[in-house]
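Chemist: Show me the folded form of this:
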Amino acid sequence: WGAMYDLMGEVGILSSAGVANERYDVDQSGDMPATCTSDYLLISCNTDEDDNLDSASAYGEVSVDLGAPGEQTFTTRSPNTYGSFSQNSAATPHVTGAIALLYSAPCNGLEADAINQPAATALKIKEMITTGVSLIPSMTNRTATGGRLNLFKALNKLEESCSNSLGDLQLSNIYPNPSQDKMT
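Modeler: I've put the predicted structure just below:
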């Protein structure tokens, strides 16, 4: 499995996956693909609205890179509505979306690097995400970074590496999260 992610990484594919929806240490008990050894794979676990590791999420100080919001997150639903969903299946898309957003940022040279140096660019995007986390107590000794996804910080780190400015980065929040009747 690790070799498969390495092959994809060589052409610039940075993959995102979540751990199991059970509370255990994947470093001790194993988990696929969390325990794959590939630099081109970001593994996340599920955090709740209070930034705690969710009670139904696996973790691993070595194998899990970061936490991501996953409990009662808002999403589109069928037919043409909105609603919430949870667990690691909800946390992992946040990391996947962060990867996509960083690749799409108007950063001079990033597009050319993605074409000419795809493996190095994938690792650069991963570094922006992992070094841009918000350090939170519930991720200490539970993830390699000790933190939760922070897209704003990751974008700022990317901007620091650009020869141009991304412009004024503004962050919108859903508050309260999860949202019940009203959303800000």
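Chemist: What is the neighbour count of residue 23?
Modeler: Residue 23: 12 surrounding residues under other CB atoms under 10 Å. In this view, the C-beta of every residue, glycine as well, is placed from N, C-alpha and C.
Chemist: what kind of secondary structure is it in?
Modeler: Residue 23 carries the three-state label coil when classified by DSSP: H, G, I helix; E, B strand; the rest coil.
Chemist: if I pick it, what's in contact with it?
Modeler: Contacts of residue 23 were listed using CB atoms under 8 Å, 6 or more residues apart in numbering, and they are 55-59.
Chemist: Narrow those residues to those in helices?
Modeler: With helices identified by DSSP state H, none of the entries of the contacts of residue 23 belong to them.
Chemist: Among these, name the buried ones.
Modeler: With neighbours counted by 16 or more other CB atoms under 10 Å, those contain buried members at 56-59.
Chemist: and which of the contacts of residue 23 is nearest to residue 86?
Modeler: residue 56 (8.5 Å; CB to CB).
Chemist: show me what contacts that closest one?
Modeler: Contacts here follow CB under 8 Å, 6+ apart; on that basis residue 56 touches 21-23, 46, 87.
Chemist: Give me the distance between the helix ranked longest in the chain and the centre of its chain.
Modeler: Scanning the chain for the longest helix, with DSSP H as the assignment, gives helix 88-104. Mean C-alpha position of helix 88-104 versus that of the full chain (CA atoms, centre = their mean, to the nearest Å) differs by 5 Å.
Chemist: who does the helix or strand following that helix touch, helix- and strand-wise?
Modeler: Using DSSP states H and E, the next helix or strand after helix 88-104 towards the C-terminus is helix 110-116. Under the contact criterion of 3 or more CB pairs under 8 Å, 6 or more residues apart in numbering; DSSP states H and E, helix 110-116 touches helix 118-131.
Chemist: Same question for the helix it packs on: list its buried residues.
Modeler: By neighbour count, and taking 16+ other CB under 10 Å as the criterion, the buried residues in helix 118-131 are 118-119, 121-126, 128-130.
Chemist: repeat for stretch 37-48
Modeler: Neighbour counts over stretch 37-48 (16+ other CB under 10 Å) mark 38, 40-48 as buried.
Chemist: Next: stretch 140-156.
Modeler: 142-151, 153-155.
Chemist: Poorly predicted segments of this protein, please.
Modeler: Low-confidence regions of the chain, defined here as pLDDT under 70, cover residues 164-184.
Chemist: Next, find the distance separating the most centrally placed residue in it from residue 79.
Modeler: Closest to where the C-alpha atoms of the chain average out (CA atoms, centre = their mean) is residue 95, at 2.4 Å. For residue 95, the distance to residue 79 (CB to CB, to the nearest Å) stands at 28 Å.
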